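Participant: Here's a sequence, model it:
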Amino acid sequence: MRVDRLLSNLPRFNRKQVRLLLVERRVTVDGVAVGDPHHEVRAFSQVCVDDEVVQAGKPARYFMLHKPQGCVSATSDPQHPTVLELLDEPDIDDLHIAGRLDFNTTGLMLITNDGQWSRRLTQPQTKLPKIYRVETEQPIGPEYAATFAAGLYFAFEDLTTQPADLELLGPTTARLSIIEGRYHQVKRMFGHFDNKVIGLHREQMGPLVLDAELAPGEYRALTDEEIRQV
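Facilitator: Numbering: from 1, shown residues only. The predicted structure is shown next:
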């Protein structure tokens, strides 16, 4: 929300008073004086007028989870356990998933209450890679890498996927890096060659790599450095 709108919504200030407060730089956001009425204020920001707190801000929370098989990437589900149920944290309803995984896909999942941060992480425009370890039913041929790099046409969405990098690790094992998150994208890409994906594990999202010490179902808070990297 814009800072002028936030202040105008308070019963104690009218628009004229808000403009004057900003011109006189009596408003601070997270300790920094602001004069631009269009300055964006987040839910996590502390806003003060003359050193009096008018918005305390709520703490931003960021977690890394090693998603196991057999749970859904949702806030609630009538039939299956959800990834949020694996977190022993207060106010779970405030959290959301940054980049979902299919029911049987394992690996790195990031959970936060910071929508701006999660959008930077997941939007294709930021071109942050999502890296998966893939196991297939049939051998992976040399033509796969060139096809994925050129992009595949998905008729259902009427689009061509962004270039993807494939690194062969074994006859039926590979590491795939994509910058999108289309519906069942990895499985559909290998399905182009009639090769079924039988194992899928996300290792990395952008600069964040799954902590090797986290067992399936375990999680930890991100460090300040990890949060800043996104």
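Participant: What residues sit buried inside the lengthiest strand in the chain?
Facilitator: The single longest strand within the chain, with elements called by DSSP state E, is strand 197-205. By 16 or more other C-beta atoms under 10 Å, the buried positions in strand 197-205 come out as 197, 199-202, 204-205. The way it works is simple: take the backbone N, C-alpha and C, and place the C-beta from them, glycine included.
Participant: pLDDT for the residues you listed - can I get that in TSV?
Facilitator: Shown next, in TSV, are the buried residues of strand 197-205 (pLDDT from 0 to 100):
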residue	pLDDT
Val197	98
Gly199	98
Leu200	98
His201	98
Arg202	98
Gln204	97
Met205	97
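Participant: hang on, the earlier thing: what does the longest strand of the chain contact?
Facilitator: Applying C-beta atoms under 8 Å, 6 or more residues apart in numbering, the set of residues contacting strand 197-205 from outside is 67, 98-99, 101-102, 104-110, 121-122, 128-137, 175, 186-187, 190-191, 209-210.
Participant: and that strand, how far from the chain's centre?
Facilitator: Distance of strand 197-205 from its chain centroid, counting by C-alpha atoms, centre = their mean, to the nearest Å, is 16 Å.
Participant: Helix or strand next in line after it, which one?
Facilitator: Per DSSP states H and E, the first helix or strand lying C-terminal to strand 197-205 is strand 208-209.
Participant: average pLDDT across that next one?
Facilitator: Averaging pLDDT along strand 208-209 yields 98.
Participant: now for it, which elements pack on it?
Facilitator: strand 106-112 (3 or more C-beta pairs under 8 Å, 6 or more residues apart in numbering; DSSP states H and E).
Participant: hang on, the earlier thing: which neighbours in the sheet does the longest strand of the chain have, and how are they oriented?
Facilitator: strand 106-112 (parallel), strand 130-136 (antiparallel), strand 208-209 (antiparallel) (DSSP bridges).
Participant: can I see the domain layout of this protein?
Facilitator: Per the TED database, the structural domains of the chain span 3-55, 62-224.
Participant: With distance to Val230 added, can I get those in a markdown table?
Facilitator: Listed next are the domains of the chain as a markdown table, based on distance: least, C-beta to C-beta, whole Å:
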| stretch | distance to Val230 |
| --- | --- |
| domain 3-55 | 15 |
| domain 62-224 | 5 |
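Participant: And the most centrally placed residue in the chain, how far from Tyr62?
Facilitator: The centre of the chain sits closest to Ala98, judged by C-alpha atoms, centre = their mean, with a distance of 2.8 Å. Distance, Ala98 to Tyr62, using C-beta to C-beta, to the nearest Å: 9 Å.
Participant: No further questions, thank you.
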